[in-house]
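Student: Compute the structure for the input listed below.
(2 chains)
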Amino acid sequence: MKLIVNGQERDSAAATLDALWREETAELDLPNTKGFAIALNGKVVRQPEWAKTSLSDDDRVEIIRAFAGG
Amino acid sequence: MSDALTIAGVTLSSRLFIGTAGYPNQRIMVDAIQASGADLVTLSVRRISLQGHGSDTVRLLAGRRFLPNTAGCETARDAILTAQLAREALGTNWIKVEVIGDRETLYPDVGELLEATRELVDDGFVVLPYCNDDPVVCARLADLGAAAVMPMGSLIGSGMGVANPGNLELICARSPVPVIVDAGIGTASDAVIAMECGASGVLLNTAVAKADDPVRMAHAMRHAVEAGWNARQAGRIARRGRAEPSSPQLGLVGS
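Tutor: Next up, the predicted model:
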């Protein structure tokens, strides 16, 4: 499946948002999802919905985290 | 003193808001924020592909109030989505709305800012817009339901202080919501001037983060904001063009 994740085209086998989340953050070794959020096609998907949200070709996904800022 | 700053029903323990970016390291950031006495700290929201201090910052600052921003957004649409992502990531409906119209000066795009403020207020956010030091723009933002307005002292990161104290006095005198001077503060006296103009608070980042000694500068800013607030409340004397002796004029020795 072809997705656009954070502006980059990506081939992914992830069927759900939760699977994509785990794929994208595997190397970050996160204790929880605090400080992170996901939008699918311009709409925020709340964390409890990630596992129930399936992905389709050409979906645009934004995965963000809180950063230092002014 | 009982005159604490309240925004959207929340009473804050300090009139100084401080940013979390650009410190030499995380330890100094935490120590500086501690020294500043600030209750409210600002954060940004970025794609996870960007490397750098991320959720560590959130963990290190646990217990403080977060004010996420929409820094870098150039359209109302992007600012709205960024705000909604920030709300989800940080569990707060407070948002510093920043919509930039020009990358060189980082001046706000007023049209987009008004649009973003309107939509975010409707969506239940407590909106604190970063805006021009323009009394009309500040009034429009308050009309739309902004919980406070945050006019620039001068350009973001410039350290030029309050460029137009006359404008700031006007804004503060007319605003139905708290006025927080955001951007341009370079040193303690700038923060004092902002508060003496009638501001309810000051938001700064670079002045502390990039000082030679950020922790000490944070300490200075804490006292500057308090000093400026107290001076404003106390009421300054009128300026006069002539000297006025403060000691008694009678009973001088040798006369």
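
Student: going forward, measure contacts between C-alpha atoms and count neighbours the same way
Tutor: Noted.

Student: can you tell me how far B:A146 sits from A:E49?
Tutor: Separation of B:A146 from A:E49 (CA to CA, to the nearest Å): 31 Å.

Student: Equivalent analysis for B:C197, please.
Tutor: Separation of B:C197 from A:E49 (CA to CA): 48 Å.

Student: In terms of neighbours, single out the busier of these two.
Tutor: Set B:C197 next to A:E49 and count neighbours by other CA atoms under 10 Å in any protein chain shown: B:C197 wins out with 21 against 12.

Student: Not counting sequence-adjacent ones, nearest residue to the more buried one?
Tutor: When the adjacent residues along the chain are set aside, B:C197 lies closest to B:E169, with 4.9 Å between them (CA to CA, 6 or more residues apart in numbering or on different chains).

Student: Could you check the pLDDT of the one you found?
Tutor: We have a pLDDT of 97 for B:E169.

Student: Could you look up the SS state of it?
Tutor: helix (DSSP: H, G, I helix; E, B strand; the rest coil).

Student: Who is A:L3 paired with across the strands?
Tutor: With DSSP bridges as the criterion, A:L3 is bridged to A:R10.

Student: ok, it to chain B distance?
Tutor: 15 Å (CA to the nearest CA, to the nearest Å).

Student: can you pull the contacts of that residue?
Tutor: Counting by CA atoms under 8 Å, 6 or more residues apart in numbering or on different chains, A:L3 touches A:9-12, A:56-61.

Student: Most neighbours among those residues, which one?
Tutor: Going by other CA under 10 Å, A:V61 tops the contacts of A:L3 with 22 neighbours.

Student: helix, strand or coil for that residue?
Tutor: strand.

Student: That one is in contact with A:I4, isn't it?
Tutor: Yes. With contact defined as CA atoms under 8 Å, A:V61 reaches A:I4; the gap is 6.0 Å.

Student: Surely B:D31 touches B:V215?
Tutor: Yes. Using CA under 8 Å, B:D31 is in contact with B:V215, at 6.2 Å.

Student: neighbour count winner among those two?
Tutor: Shown here are B:D31 and B:V215; by other CA under 10 Å, B:V215 has more neighbours (21 against 14).

Student: list the contacts for that one?
Tutor: Neighbours of B:V215 in contact, by CA under 8 Å, 6+ apart: B:28-29, B:31-33, B:35-36, B:208.

Student: which parts of the helix or strand hosting it are buried?
Tutor: Taking DSSP states H and E as the definition, B:V215 sits inside helix B:214-234. Using 16 or more other CA atoms under 10 Å in any protein chain shown as the test for burial, helix B:214-234 gives B:214-229, B:231-232.

Student: try stretch B:6-19
Tutor: Here stretch B:6-19 shows B:6, B:12, B:14-19 as buried, counting by 16+ other CA under 10 Å.

Student: Tell me which entries of these lie within helices.
Tutor: With helices defined by DSSP state H, no entry of the buried residues of stretch B:6-19 lies inside them.

Student: Out of those residues, which are close to chain A?
Tutor: B:18-19 (CA under 8 Å from any CA of the partner chain).
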